[in-house]
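1. here is my input, please return the structure:
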Amino acid sequence: MKQTFATLAASLTLLSLQAADTYHVYFGCYTNAKSGSKGIYVSKFAPASGELSDPVLAVETGSPSFLAIHPDGTKLYAVGEMATPGQKGGGVSAFSIHQPDGKLTLINQVSSVGAGPCHVSTDKTGRMLMIANYGSGSVASYAIDEKGALSEAKSFIQHEGSSVNPKRQAGPHAHSFNVSPDNRFGFACDLGLDKVLIYRLDPSSGTLSSHGHATVPAGGGPRHLAFHPSGRFVFVNNEMLMSATSFAYDADQGALTEIETVSTLPEADRGNTGYSTAETVAHPNGRFVYVSNRTHDTLAVFSCDPATGRLKLIQNAAVEGRIPRNFNLDPTGRWMIIAHQDSNTAALFKVDPETGKLEFTGRKVSVGGAVCVRFLAVSEAK
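-> Here you go, the predicted model:
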């Protein structure tokens, strides 16, 4: 029965991501005086023409910095990086998606339990949701019911320890949570520990259990990761040392083994301590990997050897804005949208299918405090 559910969910995921004439582009944003944003915004994007519409408010909610779309494409989840009076943690919200306009309606909201929720993901079946809490250095998991509503936390795991940088690594700072392609394991990058902590997933109960960990170079500060489409490799960006670490992934054991660590900066800028990385994305063809460099305001483009998982820096593309955070490829792999936190914009780039290099299209849209980009195929309302 579990296998049937998982197979159905995988099919729904493919349906939601397959080639379409138009996509919704959802932007997670910080809502503050500087950004002027009120919540989650949505644009429409046509991959045939490269037309990106001006974003409109999809729903009003407090600092929905990171977003995840349910595998069936009908619900969206957001962490809220806001303080709630009388509560230690922020919020985690579930929304229903209205087609074809892309507007959102709140289903329910629960506590993140820990402080500073900064990342959210669902498992492949759509039965559980996981978050990372940066402020308190913890992870939590939730069950998702048939209507998309979230339970209160089914698991809450507090990370422990520190690393070599006393200013930024005196304690744990969980920064992301990603799921393995086979849905058996979850991976939490912890900037404060220089570790990727590995968890077993139990979608039937919505719970996590500790499994092991991998380490990055001391003082690296692992932030976000991406799986290679083959499932054989994992790429982690190290925020503090401006680098990317490649790991070989043993799916049977749920284990990571380091291959190499390479810089995300051009040689002339290496050693500058004023920069930091943000996001990692692997191209669906498996030949390219991308990492955003904040303050340096570039995107590092790597060629990837699909046989070995080794990376080679081939471009540092100017992002046409300030402080690039999250970015994403459209499902065709021919376009990329990069969110700029400080310039309150997002920019559209073409992706060269042969080299992976980026070319700015000249199209930017205004969206305040944008830090997350998610694509979903537009469909007619049912």
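2. any idea how far P222 is from V56?
-> V56 sits 35 Å away from P222, going by C-beta to C-beta, to the nearest Å. (Each C-beta comes from the backbone N, C-alpha and C, glycine too.)
3. same deal with I40?
-> For I40, the distance to P222 - C-beta to C-beta - is 27 Å.
4. more neighbours: these two, which one.
-> P222 (33 against 27; other C-beta atoms under 10 Å).
5. let me know the pLDDT of the residue nearest to the more buried one when sequence neighbours are not counted.
-> Excluding the flanking residues, the one nearest P222 by C-beta to C-beta, 6 or more residues apart in numbering is C189, at 4.1 Å. What the model reports for C189 is a pLDDT of 98.
6. can you list the low-confidence ranges for this structure?
-> 1-19, 82-88, 381-382 (pLDDT under 70).
7. ok, now with 80
-> Applying pLDDT under 80 to the chain flags the ranges 1-19, 82-89, 273, 380-382.
8. residue ranges for the helices of it, please.
-> Applying DSSP state H to the chain gives helices spanning 2-17.
9. now do the contacts for K75.
-> By C-beta atoms under 8 Å, 6 or more residues apart in numbering, K75 lies in contact with 69, 94-97, 107, 144, 148.
10. surely S35 and N344 touch.
-> Yes: using C-beta atoms under 8 Å, S35 is in contact with N344, at 5.9 Å.
11. tell me, what's touching these two both at once?
-> Taking C-beta under 8 Å, 6+ apart as the contact rule, S35 and N344 both touch 368-369.
12. so between the two, which is more surrounded?
-> Taking other C-beta under 10 Å, S35 and N344 do not tie; N344 has more neighbours (21 against 18).
13. I'd like to know how far the more buried one sits from L57.
-> For N344, the distance to L57 - C-beta to C-beta - is 14 Å.
14. same check, this time on D194
-> 39 Å.
15. which residue of the two possesses the greater neighbour count?
-> D194 (26 against 15).
16. in contact with the residue nearest to the more buried one when sequence neighbours are not counted, which residues?
-> Nearest residue to D194, sequence neighbours excluded (C-beta to C-beta, 6+ apart): S163, at 4.4 Å. For S163, the contacting residues are 169, 192-194, 218-219, by C-beta under 8 Å, 6+ apart.
17. save those residues as a markdown table, and put in distance to S246 too.
-> Below are the contacts of S163 laid out as a markdown table (distance: C-beta to C-beta, whole Å):
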| residue | distance to S246 |
| --- | --- |
| Q169 | 22 |
| G192 | 22 |
| L193 | 20 |
| D194 | 16 |
| A218 | 17 |
| G219 | 18 |
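18. farthest pair in those?
-> G192 and A218 (12.3 Å; C-beta to C-beta).
19. out of those two, which sits in the more crowded spot?
-> G192 (22 against 12).
20. what's near enough to touch the spatially closest residue to the more buried one that is not a sequence neighbour?
-> In space, and not counting its chain neighbours, G192 is closest to H173: 3.9 Å by C-beta to C-beta, 6+ apart. Contacts for H173 (C-beta under 8 Å, 6+ apart) come out as 134-135, 137, 190-193.
21. of the residues you listed - the most surrounded one?
-> Highest count within the contacts of H173 by other C-beta under 10 Å belongs to D190, 29 neighbours.
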